[in-house]
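# no FASTA, just this:
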């Protein structure tokens, strides 16, 4: 009984460890769709300026999304306005049209780490663009988020 209590306490402490904590910001997209000319802007909270962070993009889409994939461009902008560009290719459904990621019903979420061990000063701003070449206005994507986690 005491051993079980100690294991539970250790699990709680590990879950509350600030070095393992992640923070997320989400932007809800308009019902009219996500225009490729309109980027999403994030200002990540990176509290330790001496640390490096892993940056993950999360996408929530409905079953009305008309494609199997989603292509994004993620720009990391530092204090000097230098841009480091990353391309993110999400596979949202398998070859048979079955949705991947997590979720059920009409809403699914997929995540993709786009940059690892990014120094805090190199990602003061993050801009995410949809880059689906055959679709200037994308429908069915509900939210896009940026999740930051201190790199291990």
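Arrived safely, thanks for sending. It should be emphasised that the depicted structure is a prediction, and the values quoted were computed from it without experimental measurement.

# When you work out contacts or count neighbours from here on, use the C-alpha atoms and nothing else.
Will do.

# Against which helices or strands is the longest strand seen in the chain packed?
Criterion DSSP state E: the longest strand present in the chain is strand 107-119. Using 3 or more C-alpha pairs under 8 Å, 6 or more residues apart in numbering; DSSP states H and E as the contact definition, the elements that strand 107-119 packs against are strand 52-62, strand 83-91, strand 102-104.

# Dump those into JSON lines; add distance to residue 73, mean pLDDT and mean neighbour count as well.
Shown next, in JSON lines, are the helices and strands packed on strand 107-119 (distance: least, C-alpha to C-alpha, whole Å; pLDDT from 0 to 100; neighbours: other C-alpha atoms under 10 Å):
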{"stretch": "strand 52-62", "distance to residue 73": "11", "mean pLDDT": "97", "mean neighbour count": "21"}
{"stretch": "strand 83-91", "distance to residue 73": "5", "mean pLDDT": "96", "mean neighbour count": "16"}
{"stretch": "strand 102-104", "distance to residue 73": "22", "mean pLDDT": "89", "mean neighbour count": "12"}
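
# Residue 142 is nearest to which of these?
Set against residue 142 and scored by C-alpha to C-alpha, the helices and strands packed on strand 107-119 come closest in strand 52-62, at 5.2 Å.

# After that closest one, which helix or strand is next?
Using DSSP states H and E, the next helix or strand after strand 52-62 towards the C-terminus is strand 69-77.

# Please list the residues outside the longest strand of the chain that contact it.
49-63, 74, 86-88, 90, 92, 99-103, 151 (C-alpha atoms under 8 Å, 6 or more residues apart in numbering).

# So what are the sheet partners of that strand and their directions?
Strand pairing for strand 107-119, determined by DSSP bridges: strand 52-62 (antiparallel), strand 102-104 (antiparallel).

# Just want the angle from the helix or strand just after it to strand 69-77.
Counting by DSSP H and E, the next helix or strand C-terminal to strand 107-119 is strand 125-130. Here strand 125-130 points in a direction 160 degrees away from that of strand 69-77 (axes from the mean of the first three to the mean of the last three C-alpha atoms, to 10 degrees).

# quick one: contacts of strand 125-130?
Contacts for strand 125-130 (C-alpha under 8 Å, 6+ apart): 34-44, 70-78.

# Good, wrapping up.
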